[in-house]
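> Got a predicted structure plus its sequence, pasted below:
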Amino acid sequence: MQLGLTLGYWGAGPPPGLVEQVRAAEDLGFDSIWTAEAYGSDAFTPLAWLGASTSRVRLGTSIVQMSARTPAATAMAAMTLDHLSDGRVALGVGASGPQVVEGWYGAPYPKPLARTREYVRILRDAIAREKLRSDGEHYPLPYPGGTGLGKPLRSTLHPRRTDLPILVAAEGPKNVALAAEIGDGWIPLFYSPYDDGHYRASLEEGFARREGGRPEGYEVVCMVQVEIDDDVEAAADRVRDHLALYIGGMGSKEVNFHYRVFARMGFDDECAAIQEHYLAGRKADAARTVPTALVEKVALVGPREKIAEELTAWQDSLVTTMVIGGDRTTLETMADLVGTR
């Protein structure tokens, strides 16, 4: 199992010390760094800036939101950055959710599975310098109607790699199967090595639909919060706010994909209580309602010895790259435990 560094997306502004943190991760043997985007900072720009300060780590997007760019625009950005970084890009894409897509991008959120399939196919064609043609429902190329002057075009930029890896973010069973069928990797959110039977089944379903089955080198890149503290509850407290936000507030009462992930783990009643508090504006109560057992399903919290013991489950899991954040001490500790330096 490799280690990656999560940089996420920014809050009100860029976090201090990003260049130093990225260089430290590279020095500690981390395999990759990963950015994200929601409705603020984008994923590509920080990677281009930080990639210039590194020489080895892969530069991953976790994730690029499909509604933010057409498939051709995403391919342009990925190919450009791949040249600038000497072939270090890993392109993670995802459908996001209706709250962001409709509220921020002003776009509809229909048929995420069909849209993802169409989007990834066009990405691959663009990166392979094929003339872009698509009769799909969501991204027809050339555009039907309009001036009538549109014609199939191929990239003027020759890609550094035509096999630039495309990873698909997915949480639900059908989405995970699709990630196995069409992606070079899968980016889960809130994966648990203790409750991954349904994920394994979905991946196998997708691989079965793929010519040749599971491809060699298929990646599972998973973000895992790590909080090192002699006091387990204090460490868990530093994770609860994050989990409460996703379980209770990322989406509506009717549509929240993150809620469903934890409900499938057996925390349906707890999720209902967390969501009730959060949607009523009682965010502190929502966080306090997150049980430690739930935290420990998806995060590593507590003393170094406890984390070392629990790390075995992750190393034996589907995860090929564990993506973590934290200060220099956390990065050093995990590098030592995983054996990257």
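Thanks, I have it.
> Now do the SS call for the closest residue in space to residue 340 that isn't next to it in sequence.
Distances taken as C-beta to C-beta, 6 or more residues apart in numbering place residue 29 nearest to residue 340, at 3.3 Å, with adjacent residues excluded. Where you see a C-beta, it was placed from the backbone N, CA and C, and this is true even at glycine. What DSSP: H, G, I helix; E, B strand; the rest coil gives for residue 29 is coil.
> what's residue 220 in contact with, if anything?
By C-beta atoms under 8 Å, 6 or more residues apart in numbering, the contact set of residue 220 is 185, 186, 187, 188, 191, 318, 319, 320, 321.
> Of those residues, just say which sits nearest to residue 14.
residue 187 (23.1 Å; C-beta to C-beta).
> From residue 255, how far off is the closest residue in space to that closest one that isn't next to it in sequence?
Nearest residue to residue 187, sequence neighbours excluded (C-beta to C-beta, 6+ apart): residue 169, at 4.2 Å. Residue 169 is 17 Å from residue 255, where distance means C-beta to C-beta, to the nearest Å.
> What of residue 30?
Here residue 30 is placed at a distance of 35 Å from residue 255 (C-beta to C-beta).
> returning to what we had before: which of residue 169 and residue 255 has more neighbours?
Between residue 169 and residue 255, counted using other C-beta atoms under 10 Å, the more crowded position is residue 169 (27 against 13).
> Next one: that one, what pLDDT does it get?
Looking at residue 169, its pLDDT reads 98.
> any idea how far it is from residue 246?
14 Å.
> any common contacting residues for those two?
In contact with both residue 169 and residue 246: residue 189, using C-beta under 8 Å, 6+ apart.
> And residue 292, how far from residue 142?
Residue 292 is 55 Å from residue 142, by C-beta to C-beta.
> the strands in this structure, which residues?
Assigned by DSSP state E, the strands in the chain fall at 2-8, 32-35, 58-61, 64-65, 89-94, 166-169, 185-187, 219-223, 226-228, 300-302, 321-324.
> Let me have the ones you listed in a markdown table, adding distance to residue 158 as columns.
Shown next, in a markdown table, are the strands of the chain (distance: least, C-beta to C-beta, whole Å):
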| stretch | distance to residue 158 |
| --- | --- |
| strand 2-8 | 28 |
| strand 32-35 | 25 |
| strand 58-61 | 20 |
| strand 64-65 | 22 |
| strand 89-94 | 15 |
| strand 166-169 | 18 |
| strand 185-187 | 24 |
| strand 219-223 | 25 |
| strand 226-228 | 40 |
| strand 300-302 | 43 |
| strand 321-324 | 29 |
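> Which one of those strands lies nearest to residue 75?
Here strand 89-94 is closest among the strands of the chain (C-beta to C-beta), at 8.6 Å.
> can I get the CA coordinates of that closest one in CSV?
Only the C-alpha atoms of strand 89-94 are listed here, as CSV (Å, rounded to 0.1, in the frame of the first residue of the first chain):
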residue,chain,number,x,y,z
VAL,A,89,-1.1,13.2,-13.6
ALA,A,90,-3.8,10.8,-12.3
LEU,A,91,-7.2,12.2,-13.3
GLY,A,92,-9.9,11.5,-10.8
VAL,A,93,-13.4,12.5,-11.9
GLY,A,94,-16.8,12.3,-10.3
